[in-house]
Every structure is written in C-alpha cells, then in structure tokens.
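J.: following is a predicted model, sequence given first.
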Amino acid sequence: MSTTVTSSCSLIPQFRTTNDLPSSSASKPYRFSSIPKVCRIRCQSTSTDEKRNKSRNVLDNASNLLTNFLSGGNLGNMPVAEGAHGSVYKLAFGPKAFVVISDPIVARHILRENSFSYDKGVLADILEPIMGKGLIPADLETWKQRRRVIAPGFHTLYLEAMVKMFVKCSERSVSKLEKLLEAKNLQGGQEIELDLEAEFSNLALDIIGLGVFNYDFGSVTKESPVIKAVYGTLFEAEHRSTFYFPYWKFPPARWLVPRQRKFASDLKIINDCLDGLIKNAKETRQITNYNACSIVGLLFKNVKTFIHRKRMLRNCRKGTTQISRHVNIFHPVINLPLNLYVSLPYACKLFQDASLLRFLVDMRGVDVDDRQYVYNLMKQLRDDLMTMLIAGHETTAAVLTWAVFLLAQHPDKMKKAQVEVDAVVSQGGINLESLKKLEYVRLIISESLRLYPQPPLLIRRSLKSDRLPGGYMGDKEGYQIPAGTDIFISTYNLHRSPYYWEKPNEFEPERFLVQRDSNGIEGWAGFDPSRSPGALYPNEGVSDFAFLPFGGGPRRCVGDQFALMESTIGLAMLLHKFDVELKGSPESVECVTGATIHTKNGLFCKLKKRSHIH
Ligand code: HEM
C-alpha cells in the first residue's frame with residue numbers, strides 16, 4: 001500500500017487524477033520504480049490552514065536540524081514549499097529536507113556546469129544491490145572509467161544494425177496483434193481489446209535483450225524463467241524504493257524474509273544468464289588486428305596524420321574513443337582501402353551479432369592469464385549489462401504507452417501520423433534513412449516525453465557545499481547548500497512550466513518546430529531548434545535545459561538515440577496497421593511510481609485494423 005503525501009507544493013508529479021497510487025499488485029509485476037517513497041507526492045490542495053502550517057513548521061525545523069546534523073550546514077535562505085510554484089524550494093519530508101528544482105538555469109548548473117560536485121545519492125542507495133557499479137548508480141570515479149568504455153558502443157554502425165532489429169521486433173509484435181484480430185474476426189468481431197502497456201513492455205524487453213547482449217527473450221510470444229526473474233527484480237526495486245527503512249541491508253533479512261530470498265534467487269538467475277552470455281562472447285571473440293592498419297597507414301598522407309591515426313586506433317582498442325570518430329578518420333575517398341580494411345571485418349561481425357556485449361568484449365580484450373582481471377571484467381560487464389537492461393526497458397515501454405494514450409485522445413494527430421507512416425512504408429519501408437522522413441512520429445515521441453518524462457525526477461546529492469543560482473524569480477544571490485544535500489530536479493514540473501512552454505499541458509508535437517525567445521527570463525536562452533541542426537530529436541541544447549527527457553551534462557542518457565529510434569519505429573509500425581481507441585476514461589489512468597509514470601491499471605485499448613490494410 002503506498003502512502004500519498006498531500007502537499008500544496010509543486011513537487012512533481014502533479015497528477016490530474018486523485019486515484020490512489022498503485023499498490024504493488026501482482027498483476028503488474030513489471031512496474032519499476034527507482035525513486036523512493038519520498039518522491040511520490042501529489043499536489044492536491046492549496047489549503048493553508050493553520051494546523052497544517054504548524055505541523056509543516058515543526059517538520060521543517062526538524063528536517064533542518066537533521067540536515068544540519070548530517071551535512072554540517074543548512075539550507076539557509078531557501079524558500080520552503082508552500083503553495084506557490086517555485087524554481088528552487090526546500091521540502092521538509094519527514095525528518096529530512098530535500099531541495100526541489102524546477103528551473104532550467106539551476107538544472108543546468110547541477111547537471112552540466114558543476115556536475116562533478118554531485119552524485120546519484122538516494123538513487124544509488126536503492127539501485128546498487130541490483131546494478132552494482134553500473135553507470136546509473138556509479139560513483140564519479142567508477143562512472144568516469146565506465147562511461148568511456150560504454151559510450152563508444154552506441155556508434156553509427158551499431159545504431160544502423162539496431163534499426164533493423166527494431167523493425168523485426170516490432171513486426172513480431174504487430175503480427176501477434178494481427179493474429180489475435182484474425183481469431184476475433186472468425187468469431188465475428190471487428191476489433192480486439194488489450195492492454196497495450198503490457199505489449200509495449202514485452203516489445204521493449206525483447207529489443208533491449210537483443211541490443212545489449214544478443215539474447216532473445218522472446219517475451220512477446222512466451223514466458224521464461226529469465227523474464228520472470230527480470231520482472232521480479234524490478235518489482236523488488238519498486239518495493240525497496242517505497243519501503244520506510246532499508247531492512248534488506250541487515251544480512252539475516254536476506255534469509256528470513258521470503259521476498260528477499262526470492263530477490264536473491266531472481267538475481268542469481270539473471271546473473272547466471274549474463275555470465276553465460278559473457279562467457280560465450282569471450283569464447284567467440286575474434287581479435288581484429290587494428291594495429292595492422294597503422295602499417296597500411298604509412299602509405300597514406302604524411303607522418304603527422306599517421307601518428308594521429310595510430311593514437312586514435314590505440315584508444316579505440318582500449319575503448320577510450322568513439323568508434324564512429326575512429327571510422328571517420330579514414331577519409332572515405334583518400335583512404336578507401338584502409339577504410340575497408342578496418343570497417344569491413346567489424347561490419348561483418350555486426351551483421352552476425354551487433355550487441356553491445358560483443359562490442360565491449362571485442363574492443364576491450366581479456367587477459368586470460370590474469371584471473372583477478374578476468375573476474376573484475378566479468379563483474380563489470382555484468383553490472384553494465386544489468387544497468388542497460390533495466391534502464392532501457394521500462395522507460396521505452398512507458399514512452400510508447402503515453403504516446404498512444406495521447407494520440408487516442410487526439411484522433412486528428414493520429415491520422416496525420418498515419419499519413420506520414422503510410423508514405424514512408426510505401427516507399428520501401430522503415431530504415432535509418434527513412435526514419436528522417438518520419439518527422440511527425442518523432443515529434444510525437446518527444447512531446448510524449450515532455451508531458452510524461454521517464455523518470456519524472458533526476459536525483460542528485462551534493463558532494464561538497466555549493467551555491468545554486470536563484471533561477472527565475474528566485475533569490476538573486478542564489479542559495480547556499482551544504483555537502484550531502486539531496487536534490488530532486490523535477491523534469492515533470494520543468495516540462496510543464498508556463499514560463500518555458502506555451503500551453504504547457506496540451507499535446508502539441510508541432511511545438512518543437514517553432515522557435516521561442518527567452519521571454520525576458522534572464523539567463524535562459526529560449527527554445528531554438530536551429531541550435532542543433534540535423535538532430536533527429538529535440539534535446540536539452542535546443543531548449544537550454546527546459547527539456548530534459550534524457551537528463552543533461554556528462555551523465556546524460558547513453559542510450560537516448562537507441563530509445564528514440566526504437567520508440568519511433570514501434571509506434572510507426574503499430575499506427576500503420578491499426579487505429580487505436582482508449583477503452584475507459586483517460587482521467588482514470590494517470591499514475592506514477594518513481595522511475596516511470598505509468599498507467600494505474602494498464603492501457604486498455606481497442607485496436608481496429610485500418611481499412612487500407614488487407
Ligand atoms: C525512452 C527511453 C529512455 C529514457 C527516457 C531514458 C532516460 C534517462 C535519463 C533521464 C537518464 C539520466 C539520469 C540522471 O541524470 O540521473 C538516463 C541515464 C542512462 N540511461 Fe537512459 N533512458 C532511456 C533509454 C535508455 C536505453 C535504451 C539505454 C541503454 C540501452 C539507457 C541507458 C542509460 C544509462 C546507462 C544511463 C546512465 C548514464 C550515465 O550516468 O552516464 N537508457 N536515461
């Protein structure tokens with residue numbers, strides 16, 4: 001049972017519904033939350049009755065005391081959450097104060113300008129048992145090493161191979177729906193009713209399994225112990241994020257509490273599966289002799305270019321530079337033979353197994369004589385894979401769910417998207433190139449992420465004292481915060497703020513095409529798509545940190561393009577075949593658990609085959 005704290009503050013998410021938050025129902029085992037109960041707040045009332053004010057003051061004083069005690073400093077002049085929206089405010093929550101940020105200037109400071117003064121705080125505490133030292137919860141030192149290794153994995157050739165896989169997996173999902181409809185037709189029915197959220201969850205799981213470790217969960221068509229274990233782990237993450245104290249940290253609880261025993265056994269199933277996949281990837285490793293390219297390089301250009309090339313290749317082998325850059329340094333015309341020599345073997349391998357695991361194992365190498373090294377490498381790989389499995393699954397499923405939820409309420413926009421999709425499909429189908437023509441579908445995905453960001457909060461903890469900017473309408477002097485301050489950057493508030501968005505609560509995918517000036521907001525550069533020419537999707541750069549679906553700064557999502565392309569393709573292929581209507585009232589479905597905003601009881605829809613499809 002989840003407790004909802006009624007507050008007059010503007011901490012996200014502000015729900016339109018007054019329904020209770022979902023309990024940890026067994027019918028929805030895959031719901032994942034990585035944000036603790038303290039974030040699960042709804043703004044329901046603006047009542048300022050004296051009694052509540054008094055108790056709030058008591059709480060505020062208590063939280064100040066505790067925060068001072070824990071971090072040796074105080075939150076000084078920062079306003080307390082009381083009724084009004086604010087850029088920066090302090091929220092007394094039980095015996096602890098949290099700082100809530102709903103301002104792009106302050107978000108930019110924390111995420112980009114002073115990013116290395118913050119770590120993941122509460123989020124890391126919760127995720128560490130599951131993701132270990134994976135990128136999301138990792139401390140700064142670990143993160144620096146890991147990010148350098150993983151980010152290059154998302155290079156252009158990889159994304160190209162992924163697009164093909166997204167199409168295949170989406171076809172599998174759509175064909176399952178078609179079969180259901182055919183069966184219904186036999187009984188005289190014209191449409192099927194089903195929970196699209198569950199379908200999207202299966203699709204996203206299959207895609208992430210193939211994209212990250214070339215493992216086909218096949219969850220669209222079957223269940224397996226590994227899938228069950230994945231959902232079980234996510235379920236436990238949700239429990240942990242919403243429980244009052246971390247009892248699981250006491251070793252006996254791991255044996256005595258049945259759910260903790262189950263969690264351990266789920267983790268073991270997943271880890272065994274990952275270990276098997278890593279072992280297999282290691283055994284089938286084919287060392288591409290990238291250094292040999294340096295000899296061929298002598299034939300080309302001058303010595304300076306050669307040295308530069310050699311350095312890039314060395315880095316590439318170590319995994320410290322991006323393969324896309326590495327491929328680019330071989331000028332396509334001048335160095336054609338060299339280019340082919342390097343990229344063909346890699347491209348061939350991509351054809352067989354394009355997964356990130358393949359890339360990480362091939363590029364990093366394994367010194368089989370050093371057992372400790374191998375152990376660490378295995379552990380590191382496992383944490384990385386687990387992190388991406390979790391980070392890339394529920395988030396994408398939620399984006400697709402909300403996109404359909406919004407489209408079903410705007411049939412004109414659904415039609416517009418279908419016209420676009422039909423044109424692209426009739427000209428040869430969906431691929432990386434034709435994705436560029438799916439502009440409206442891409443905008444729909446971005447607008448869904450604006451209205452329903454996943455996660456709705458970014459969590460940080462200050463590692464040292466800092467002075468936050470005051471932000472729009474805040475204190476010009478800014479706000480001093482001590483080390484240890486817990487911070488929530490409320491993307492949900494930011495994405496729906498009337499200061500940065502016109503008609504902020506309306507579904508208007510076209511808004512991303514229009515420039516918006518800073519509206520007199522000092523320190524904010526406004527919204528300007530031309531700041532990121534050629535980008536397929538709007539980002540924090542074009543909005544100067546008013547649009548943060550993938551975070552911003554160095555700890556920005558590493559899988560953003562993967563996720564956006566996957567969602568665009570999944571949605572386009574569904575809309576090509578079906579008209580979708582919501583079953584039930586839209587107001588009754590909005591709900592949240594930490595990492596994703598999801599529906600209360602699934603997204604039940606009616607699917608009708610479109611008349612032009614035979
Ligand atoms: C629509 C889908 C997705 C959304 C909305 C999303 C959102 C985010 C956000 C907001 C962050 C930053 C968190 C923070 O600053 O605290 C993040 C980080 C991350 N995401 Fe995603 N993500 C998505 C899909 C994916 C996918 C598909 C992958 C992997 C294949 C992925 C891997 C990661 C990783 C590894 C990080 C940590 C990056 C770092 O700290 O360096 N995400 N994601």
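T.: Perfect, I can see it now. Numbering: from 1, shown residues only.

J.: in stretch 479-488, which residues are buried?
T.: 479-482, 484-488 (16 or more other Cβ atoms under 10 Å). C-beta here means a position set from N, CA and C on the backbone, and glycine is covered the same way.

J.: CA atoms only: put that stretch into CSV for me.
T.: C-alpha atoms of stretch 479-488 as CSV (Å, rounded to 0.1, in the frame of the first residue of the first chain):
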residue,chain,number,x,y,z
TYR,A,479,21.1,29.5,-2.4
GLN,A,480,24.0,28.1,-0.5
ILE,A,481,23.7,24.3,0.1
PRO,A,482,25.9,22.1,2.3
ALA,A,483,27.5,18.9,1.2
GLY,A,484,25.1,16.0,1.5
THR,A,485,22.0,17.9,0.3
ASP,A,486,19.5,15.7,-1.5
ILE,A,487,18.2,17.2,-4.7
PHE,A,488,15.3,16.4,-7.0
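
J.: let me see the mean pLDDT of it.
T.: Mean pLDDT, stretch 479-488: 94.

J.: is the ligand within reach of it?
T.: No - applying Cβ under 6 Å from any ligand atom, one finds stretch 479-488 out of contact with the ligand, separated by at least 10.5 Å.

J.: next, count neighbours for Gly534.
T.: 5 (other Cβ atoms under 10 Å).

J.: which positions in the stretch 1-150 of the chain make contact with the ligand?
T.: Within the stretch 1-150 of the chain, the positions adjacent to the ligand are 135-136, 143, 147 by Cβ under 6 Å from any ligand atom.

J.: check contacts around the nearest residue to Val163 once chain neighbours are set aside.
T.: Closest residue to Val163 apart from its sequence neighbours, by Cβ to Cβ, 6 or more residues apart in numbering: Leu432 at 4.7 Å. Applying Cβ atoms under 8 Å, 6 or more residues apart in numbering, we find Leu432 in contact with 159-160, 163, 565.

J.: now, which of those sits nearest the ligand?
T.: Met565 (9.7 Å; Cβ to the nearest ligand atom).

J.: for the helix or strand where the closest one lies, buried residues please.
T.: Secondary structure from DSSP states H and E places Met565 in helix 560-577. Within helix 560-577, the residues that qualify as buried are 561-577, counting by 16+ other Cβ under 10 Å.

J.: now, which of those residues lie close to the ligand?
T.: Subset of the buried residues of helix 560-577 in contact with the ligand: 562-563, counting by Cβ under 6 Å from any ligand atom.

J.: on that earlier part again, helices and strands around the helix holding Met565, which ones?
T.: Here helix 560-577 touches helix 156-186, helix 196-213, helix 394-408, helix 411-426, helix 439-451, going by 3 or more Cβ pairs under 8 Å, 6 or more residues apart in numbering; DSSP states H and E.

J.: any chance of TSV for those, columns distance to Lys608 and mean pLDDT?
T.: Shown next, in TSV, are the helices and strands packed on helix 560-577 (distance: least, Cβ to Cβ, whole Å; pLDDT from 0 to 100):
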stretch	distance to Lys608	mean pLDDT
helix 156-186	8	92
helix 196-213	13	92
helix 394-408	12	93
helix 411-426	12	96
helix 439-451	19	97
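
J.: briefly note if the helix or strand containing Lys379 comes near the ligand.
T.: Lys379 belongs to helix 371-391 when elements are defined using DSSP H and E. Yes - applying Cβ under 6 Å from any ligand atom, one finds helix 371-391 in contact with the ligand at 387-388, 391.

J.: right, I'll leave it there.
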